[in-house]
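J.: Next comes the sequence, and after it the predicted model I'd like to discuss.
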Amino acid sequence: MRPRTSHPNPKLRHWNPGVGVQQSSLWYRSIRCTLHVMMCALWKVRVFNRHYEPADGGVLYISNHQSFLDPILMSFALRRPMNYMARDSLFHFPVFKQLIRSVNAFPVRRGTADLTALKEAMRRIRDNGQVVVFAEGTRSTDGRIGSFLPGVAILAQRAAQWTVPVLIDGAFEAWPRTQAIPSPGSVVVEYAPPIPREEASRLSPQEFVDRVRATLIDMQTDLRRRLGRTTLHYD
């Protein structure tokens with residue numbers, strides 16, 4: 001059985017981890033702390049294995065996608081700032097556009113091979129930033145982890161020093177895509193050990209995303225058994 005801990009990487013006990021690593025602005029920290037309080041007031045949120053957050057280098061986080069709040073959930077317990085791919089329609093509203101840009105979001109066109117967004121993600125990772133992608137491309141319809149888009153492997157194999165799989169579970173039950181507003185619930189975020197670029201590069205893009213997806217499915221199955229939740233079945 002996998003051990004679970006809730007402590008941060010010892011090298012990241014301070015907000016500014018070191019030279020050469022993307023820093024958290026006071027605004028970013030303030031927004032994240034505010035969202036942290038709001039999130040925990042609505043849901044019981046537990047985060048495990050956050051010590052797997054790398055202390056330096058460019059990092060790609062590959063997460064499953066269960067709700068609108070997943071970008072906040074997957075990153076609010078991490079020390080280093082996160083960069084987010086957000087669907088381009090969210091940037092059509094000037095005030096909201098400025099808000100999400102201020103917390104490191106950048107647009108991506110869904111349903112297309114958006115090379116501009118891919119290049120921007122690569123640039124931020126190569127600048128020693130952290131970027132999260134939701135490799136399913138859309139929110140789950142039943143809580144299960146869908147097929148991953150193989151294009152995300154390019155970021156892991158060409159830009160990121162580390163790739164960290166991230167599991168979110170319970171957010172679907174609390175806020176399914178068919179529900180207008182969230183309801184109270186219990187959500188768990190769990191990180192897997194980082195995959196170094198050298199290891200990712202030995203696989204084809206499809207093999208790599210299949211491996212990450214299989215890791216997340218195993219984590220989800222194990223977690224739901226531990227918590228007494230109904231196990232989700234996969235073909």
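T.: Arrived safely. Numbering: from 1, shown residues only.
J.: tell me the contacts of residue 31?
T.: Contacts were defined as CB atoms under 8 Å, 6 or more residues apart in numbering; by that measure residue 31 touches 102-103. Every residue, glycine included, has its C-beta placed from N, CA and C.
J.: doesn't residue 66 make contact with residue 134?
T.: No. The criterion here is CB atoms under 8 Å, and residue 134 misses it with residue 66 at 9.4 Å.
J.: Name the residue in the two with the higher neighbour count.
T.: For residue 134 versus residue 66, neighbours defined as other CB atoms under 10 Å are more numerous around residue 66 (28 against 24).
J.: Could I get the contacting residues of the more buried one?
T.: Here residue 66 is in contact with 139-140, 143, 168-172, 175 (CB under 8 Å, 6+ apart).
J.: can we see that at 6 Å?
T.: When contacts are counted by CB atoms under 6 Å, 6 or more residues apart in numbering, residue 66 touches 140, 168, 171-172.
J.: how about JSON lines for those residues, with distance to residue 30 added?
T.: Conversion of the contacts of residue 66 to JSON lines gives the following (distance: CB to CB, whole Å):
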{"residue": "140", "distance to residue 30": "31"}
{"residue": "168", "distance to residue 30": "24"}
{"residue": "171", "distance to residue 30": "24"}
{"residue": "172", "distance to residue 30": "29"}
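J.: Got the phi and psi for the residue of the chain most remote from its centre?
T.: Of all residues in the chain, residue 94 has its C-alpha farthest from the mean position, at 25.3 Å, by CA atoms, centre = their mean. With angles defined as degrees, to the nearest 10, residue 94 sits at phi -50, psi -50.
J.: any idea how far it lies from residue 71?
T.: For residue 94, the distance to residue 71 under the criterion CB to CB, to the nearest Å works out to 20 Å.
J.: what about the helices in this structure?
T.: If you assign secondary structure with DSSP state H, the helices in the chain sit at 26-42, 70-75, 94-102, 115-126, 153-158, 171-174, 197-200, 205-227.
J.: Nearest to residue 20, out of the ones you listed?
T.: Nearest to residue 20 among the helices of the chain is helix 115-126; the distance by CB to CB comes to 11.8 Å.
J.: packing partners for the closest one?
T.: Packing contacts for helix 115-126, counted by 3 or more CB pairs under 6 Å, 6 or more residues apart in numbering; DSSP states H and E, involve strand 130-134.
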